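Asks: Quick one, structure for this:
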Amino acid sequence: MLFTDSAFIGISPTSGHKSYAYAALDRDLNLIALADGEMDSVTAFVAGQSSATVAINSPAGVNRGLVRDLTKSKMLTPSQIRRADLRLAEHELRERGIAVTKTPASVDLCPVWMQTGFELFRKLAKAGFQKYPEVDSPHQVLETNSHACYCALAGQVPLARLSLEGRLQRQIILYEKGIRIKDPMDFFEEITRYKLFKGILPMELLYQPDQLDALAAAFTAWLAVHKKESVFTIGDAKEGIVVLPENELKSNLRGL
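Replies: Residues are numbered from 1 along each chain as shown. Predicted structure coming up:
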């Protein structure tokens with residue numbers, strides 16, 4: 001579907017198979033698309049936009065050994081050397097208490113979802129998407145990390161993404177930021193003693209974990225264009241710059 005206005009699209013590779021969840025917002029934060037699809041359908045949707053900023057919840061490439069280089073002058077044990085097998089952005093996030101997946105130095109060692117993310121970055125580059133921030137390009141792409149996004153937006157590590165309470169928390173965060181999605185508090189209005197007894201919950205009012213990841217990425221893409229002062233970047237251009245909402249991250253989120 002083609003939208004003539006600018007679209008802000010978040011894409012999250014799903015675990016275990018080559019598919020994606022994607023969400024699109026317009027400039028007023030209306031939700032204009034929320035779906036799942038394979039590579040061809042996702043790239044067709046993205047490429048069909050007259051103007052689009054895309055945020056992908058995946059590393060853009062493997063690590064280039066920057067963290068290893070930083071630790072060369074130190075006496076490291078074998079286990080410490082293995083722990084240094086990650087990108088600088090991931091190292092910096094972990095130092096702040098945000099547990100993100102490490103990106104290996106070899107594509108073959110990367111999980112399927114990560115390799116799927118690499119492929120999507122390549123496809124969009126071939127379609128003419130420029131790395132953010134390219135001010136003169138109507139088609140831009142950036143890397144984000146949805147878990148880190150929620151950490152930044154909440155000011156603490158959120159509840160588990162697959163749990164009911166974690167999904168509610170993430171949806172409330174997005175709703176409170178002004179995204180025009182389903183109000184998660186309606187979930188509680190639909191619950192009665194009888195429904196709880198029968199195990200009948202209004203799950204249709206809540207988004208799936210992968211959809212929530214895509215929505216966080218889409219919101220980050222929107223902020224990166226409309227409120228550049230409200231995004232924070234971390235990492236190194238040689239390996240990948242990660243863009244996150246909020247203009248800073250707390251120094252240590254452990255224990256919150």
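
Asks: Go ahead and report the secondary structure state at residue 10.
Replies: Secondary structure for residue 10, judged by DSSP: H, G, I helix; E, B strand; the rest coil, is strand.

Asks: same deal with residue 33?
Replies: The three-state label given to residue 33 by three-state DSSP is strand.

Asks: Let me know how buried it is, in neighbour terms.
Replies: Counted with other C-beta atoms under 10 Å, residues neighbouring residue 33 total 16. C-beta coordinates here come from the backbone N, C-alpha and C atoms, glycine included.

Asks: Spit out the contact partners of it.
Replies: Taking C-beta atoms under 8 Å, 6 or more residues apart in numbering, we find residue 33 in contact with 1, 9, 22, 23, 24, 45.

Asks: Now do it against residue 114, distance only.
Replies: When distance is defined by C-beta to C-beta, to the nearest Å, residue 33 is 24 Å away from residue 114.

Asks: try residue 154
Replies: Counting by C-beta to C-beta - residue 154 and residue 114 are separated by 25 Å.

Asks: More neighbours: which of those two?
Replies: residue 114 (20 against 17).

Asks: Pull out the buried residues from the contacts of residue 33.
Replies: Neighbour counting by 16 or more other C-beta atoms under 10 Å classes 9, 22, 23, 24, 45 among the contacts of residue 33 as buried.

Asks: In those residues, which has the lowest confidence score?
Replies: Across the buried ones among the contacts of residue 33, the bottom pLDDT score, 95, is held by residue 45.

Asks: Let me see the contact set for it.
Replies: Residues in contact with residue 45 (C-beta under 8 Å, 6+ apart) are 1, 9, 22, 24, 33, 37.

Asks: Format these as TSV; extra columns: distance to residue 174.
Replies: As requested, the contacts of residue 45 are exported to TSV (distance: C-beta to C-beta, whole Å):
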residue	distance to residue 174
1	22
9	15
22	15
24	14
33	15
37	21
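
Asks: which one of those residues is nearest residue 127?
Replies: residue 9 (12.8 Å; C-beta to C-beta).

Asks: and that closest one, how far is that from residue 90?
Replies: Distance from residue 9 to residue 90, by C-beta to C-beta: 24 Å.

Asks: With residue 227 instead?
Replies: As judged by C-beta to C-beta, residue 227 and residue 90 stand 25 Å apart.

Asks: Comparing these two, which shows the higher neighbour count?
Replies: The neighbour count for residue 227 versus residue 90, taken as other C-beta under 10 Å, is higher for residue 90 (26 against 11).

Asks: Is it correct that residue 21 is in contact with residue 213?
Replies: Yes: using C-beta atoms under 8 Å, residue 21 is in contact with residue 213, at 6.7 Å.

Asks: Mutual contacts of the two, please.
Replies: residue 12.

Asks: Residue 194: how many residues sit nearby?
Replies: For residue 194, the count of nearby residues is 8 (other C-beta under 10 Å).

Asks: tell me the SS of it?
Replies: helix.

Asks: With residue 50 instead?
Replies: coil.

Asks: Check the one 3 residues further on too.
Replies: Of the three states, residue 53 takes strand according to three-state DSSP.

Asks: buried sites along stretch 35-43?
Replies: Those would be 36, 42, 43, for stretch 35-43 by 16+ other C-beta under 10 Å.

Asks: same deal with stretch 151-161?
Replies: 151, 152, 153, 154, 157, 158, 159, 161.

Asks: Check what pLDDT the nearest residue to the second one once chain neighbours are set aside gets.
Replies: Excluding the flanking residues, the one nearest residue 152 by C-beta to C-beta, 6 or more residues apart in numbering is residue 246, at 4.3 Å. Model confidence at residue 246, given as pLDDT, is 86.

Asks: No further questions, thank you.
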